[in-house]
Every structure is written in C-alpha cells, then in structure tokens.
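Visitor: just to be clear, the model below is a prediction. Sequence and coordinates:
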Protein chains: 2
Amino acid sequence: MQTSELQWTAQEQSIAKAAFAKAYQREIQALVQLVRQQASTIAGTDDIWHLHDFLSARRHELDGKYDDRESALLFVLADLVKENWLSFADLEGLDALKLSKITALTRMM
Amino acid sequence: MQTSELQWTAQEQSIAKAAFAKAYQREIQALVQLVRQQASTIAGTDDIWHLHDFLSARRHELDGKYDDRESALLFVLADLVKENWLSFADLEGLDALKLSKITALTRMM
C-alpha cells in the first residue's frame, strides 16, 4: 500500500498528534488499572519481578509504538484503531483517502 | 580489617546461607508492601514509569547485594544487620571472631 507520498496538512498533523495523545492516555489508564490490580495480589519474589518484567515490556512496547514520523502515521493510527484505543471519531478531519487507507490497514493487520 | 583468611566451616556456611535467605525474604516482603502501597496511588504516566524505575533500581541493588562468595560474607552479613534485615540471633552458631568482626563492620558502615 502506498502511504509515503501522502501529504499531511498542518491541520491533519495536529489531528494525528491529538489522536496519539488520546490513545496514549487511554493505554496508560488501562495499564494503571492493570498494574493496580496485579500489585494488589503480589505476595513474593516471583510476583514482584514478574510485575517488573511486565512493566519493562510494556514500556519498551509503548516507547516504540507511538512513532510520529509522517511515514509511519497511517500504520500507527491503524494499529491504535485496531486495538480500540482510537475510534474513527478521533480521526475526524483527516481526508477520505487517509481514512480509507487506515480502514484497509486495520483489516490487514 | 582482615576477613579473607577466615575459615568457614560447613555448618557456618549453612548458617550464613540460611541468614541470607531469611534476610532476602524479609526485604522482599517489605518491598511487596511498598509496591502495593505505591501501586494503589498511581494515576498516570509519570507514576507508572516511576514505579518501573523504582523496581528496576531495587532489583539491580538486590541482585548485587546478596553476594555469597566467602570473601564477601562478613560484609554482606554486616550490611544486613545494619539495615535490620538480620539480627545476631539469626547468626547464632558463627564463631566469636566472625561475630565480633560483623559487629565492628556494622559500626564502620
């Protein structure tokens, strides 16, 4: 799928940036709930290092995931839609071609 | 302080090993309580990565701390006594010289 030649207007960049921030906050909030839940049940050595491993993995994943380079935007947005961190309502204002490419990508992932 | 020429009998090694295990379990239990407490108050991004940083630092520290080489035993035991993870009751059975060296080390640390 050709995505690299798409032009992003300043307004669209701003929409994407806001969508990233929303999705990130939602992921973090879900993570907060999960960590609180996990932490309330930890009892010993294995549990505590398991929690640490889990946080290390999630941090590494999140650090790499929110790639805001223009060439990556459609893929990241599609990923976030696919995972239900974003809805198409959050992407309102992007042009029809980008939205259709995001839709197609969510089906391919 | 000369500690390297001290001989550890099999029984003393066994006492030291048991003391290490006790201290480690006590440290972990205290850490469990602290993490539960911290986790119950986390609310967002900064808190969650702060918890991760805290666990990384504690894990690194604990991994390095429990050095069970004979040449390190007195220092580690003194450290654990100093930090109240062990009492001298946990070291009962070590010879008087070792106990006095541990006492001296706790005062020097």
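Guide: Here it is on my side, so go on.
Visitor: what's the neighbour count on the closest residue to chain B within chain A?
Guide: Nearest residue of chain A to chain B, counting by Cβ to the nearest Cβ: A:Ala39, 3.2 Å away. Placement of C-beta: from N, CA and C, glycine included. Residues lying near A:Ala39 (other Cβ atoms under 10 Å in any protein chain shown) number 20.
Visitor: can you check A:Leu6 too?
Guide: If you count neighbours by other Cβ under 10 Å, A:Leu6 ends up with 16.
Visitor: next: A:Lys98.
Guide: Counted with other Cβ under 10 Å, residues neighbouring A:Lys98 total 21.
Visitor: what distance separates whichever helix or strand it is part of from the centre of its chain?
Guide: Under the criterion of DSSP states H and E, A:Lys98 resides in helix A:96-108. With Cα atoms, centre = their mean, to the nearest Å as the basis, helix A:96-108 stands 16 Å off its chain's centre.
Visitor: same for it, what does it pack against?
Guide: helix A:70-82 (3 or more Cβ pairs under 8 Å, 6 or more residues apart in numbering or on different chains; DSSP states H and E).
Visitor: quick one: buried residues of stretch A:60-78?
Guide: For stretch A:60-78, burial by neighbour count (16 or more other Cβ atoms under 10 Å in any protein chain shown) applies to A:62, A:65, A:73-78.
Visitor: now, the most widely separated pair of these?
Guide: A:Leu62 and A:Leu74 (19.2 Å; Cβ to Cβ).
Visitor: still on that earlier bit, now do the helix holding A:Lys98 and helix A:70-82, the angle between them.
Guide: 60 degrees (axes from the mean of the first three to the mean of the last three Cα atoms, to 10 degrees).
Visitor: what does helix A:96-108 contact?
Guide: A:1, A:3, A:6, A:12, A:74-75, A:77-78, A:81-82, A:88, A:91, A:94 (Cβ atoms under 8 Å, 6 or more residues apart in numbering or on different chains).
Visitor: helix or strand for the residue of chain A closest to chain B, which one?
Guide: Counting by DSSP H and E, A:Ala39 is part of helix A:10-41.
Visitor: C-terminal to that helix, what's the next element?
Guide: Downstream of helix A:10-41 (by DSSP H and E), the next one is helix A:45-65.
Visitor: so who does the spatially most central residue of chain A touch?
Guide: The structure's chain A has its C-alpha centroid closest to A:Leu80; by Cα atoms, centre = their mean the separation is 4.2 Å. Going by Cβ under 8 Å, 6+ apart, A:Leu80 touches A:19-20, A:23, A:86.
Visitor: hmm, try it at 10 Å
Guide: By Cβ atoms under 10 Å, 6 or more residues apart in numbering or on different chains, the contact list for A:Leu80 reads A:19-20, A:22-24, A:26-27, A:65-66, A:86-87, A:90-91, A:102, A:106.
Visitor: among the residues you listed, name the buried ones.
Guide: By neighbour count, with 16+ other Cβ under 10 Å, the contacts of A:Leu80 hold A:19-20, A:23-24, A:26-27, A:65, A:86, A:90-91, A:102, A:106 as buried.
Visitor: nearest to A:Leu34, of those residues?
Guide: A:Glu27 (10.4 Å).
Visitor: for the closest one, which non-adjacent residue is closest in space?
Guide: Excluding its sequence neighbours, the residue lying closest to A:Glu27 (Cβ to Cβ, 6 or more residues apart in numbering or on different chains) is A:Trp85, at 5.6 Å.
Visitor: looking at this, the one you found is in a strand?
Guide: No - read with DSSP: H, G, I helix; E, B strand; the rest coil, A:Trp85 is coil and lies in no strand.
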